[in-house]
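Enquirer: Okay, sequence plus prediction incoming.
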Amino acid sequence: MKDEELSGRLREAAEAHRPDRARMLARIERGMAGDRPAPRSVRPPRAVRPWLRVAGATAAVCGVLAAGAFAVTSAGDDARPRGGQVASAPSATAKAPDSPAGLPPEDGPLWTGGVVDPNSNPYWAQSNVTLRTTEPLSALTVELRVAETGGVNSTGSWRSLPEPDFTVSVDESGGYLVYRWTLRPGRTVPAGTHTFAGQYNHAEGDRDAGGDYVTAHAVRASGGKAAVGDRFGRAR
């Protein structure tokens with residue numbers, strides 16, 4: 001067969017061919033499916049060994065305990081005074097705020113107390129000191145200190161004991177008007193209740209006597225010393 005005739009038949013056959021599209025797509029899909037790798041199986045998780053579970057639980061408990069201890073410690077630190085110092089209880093030897101110069105109102109046979117006389121007025125006042133002793137005294141010094149609250153100046157003083165038995169002085173010292181009665185040598189204060197009084201003018205109005213106080217130092221005739229003190233309250 002000549003080449004021209006062969007070419008003509010092939011061309012006619014090609015033009016007459018109609019491809020089956022559905023079969024072609026199905027073959028392509030089967031080929032693609034055959035090339036895909038098989039899906040891997042999912043491996044189940046390994047069982048946790050019992051000793052690992054126990055160790056994990058122990059670690060968790062330790063963590064909770066440590067956190068609790070830290071919280072308690074932190075709270076304790078916050079409660080401490082700043083500066084790292086821990087507040088301590090007052091010393092047994094600390095002086096009471098109402099006891100002048102650290103003196104008690106009673107010591108052995110001796111007792112003292114101070115009040116502002118009720119007959120005082122807005123311009124003038126008298127401070128009364130009561131001294132009580134259950135034993136005779138061979139030496140005694142009583143000091144009345146009147147705080148300078150304005151216009152304070154002395155107008156006199158007196159005592160219930162014999163005047164010749166005492167020396168008396170009135171001075172201004174450290175913001176106070178100071179009355180001092182001192183028993184003369186060789187004289188004796190008998191057992192009993194005795195009064196010492198200081199009189200003074202002051203600025204007009206109610207005067208606060210909270211800063212006033214009295215002290216007394218004595219020697220017993222039988223031997224031994226005693227010292228007492230007391231503060232005054234608010235008065236006119």
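Expert: Looks like it arrived, so ask away.

Enquirer: Now the element after the helix or strand bottoming out on mean pLDDT in the chain, going C-ward?
Expert: Ranking every helix and strand in the chain by mean pLDDT, DSSP states H and E puts helix 50-79 at the bottom, with a mean of 37. Remark: after helix 50-79, the chain's next helix or strand is strand 106-107, criterion DSSP states H and E.

Enquirer: pLDDT on that next one, on average?
Expert: Averaged over strand 106-107, pLDDT sits at 96.

Enquirer: quick one: strands adjacent to that strand?
Expert: strand 110-116 (antiparallel) (DSSP bridges).

Enquirer: Distance check, Ala125 against Pro104.
Expert: Separation of Ala125 from Pro104 (C-beta to C-beta, to the nearest Å) stands at 26 Å. Backbone N, C-alpha and C define where each C-beta goes, glycine included.

Enquirer: what does Val214 give?
Expert: Counting by C-beta to C-beta, the gap from Val214 to Pro104 is 13 Å.

Enquirer: Tell me the predicted confidence for Leu103.
Expert: The model's pLDDT for Leu103 equals 89.

Enquirer: quick one: contacts for it?
Expert: For Leu103, the contacting residues are Thr215, Ala227, Val228, Gly229, by C-beta atoms under 8 Å, 6 or more residues apart in numbering.

Enquirer: Reformat those residues as TSV; add distance to Leu140 and pLDDT.
Expert: Formatted as TSV, those follow (distance: C-beta to C-beta, whole Å; pLDDT from 0 to 100):
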residue	distance to Leu140	pLDDT
Thr215	11	97
Ala227	11	97
Val228	11	97
Gly229	14	96
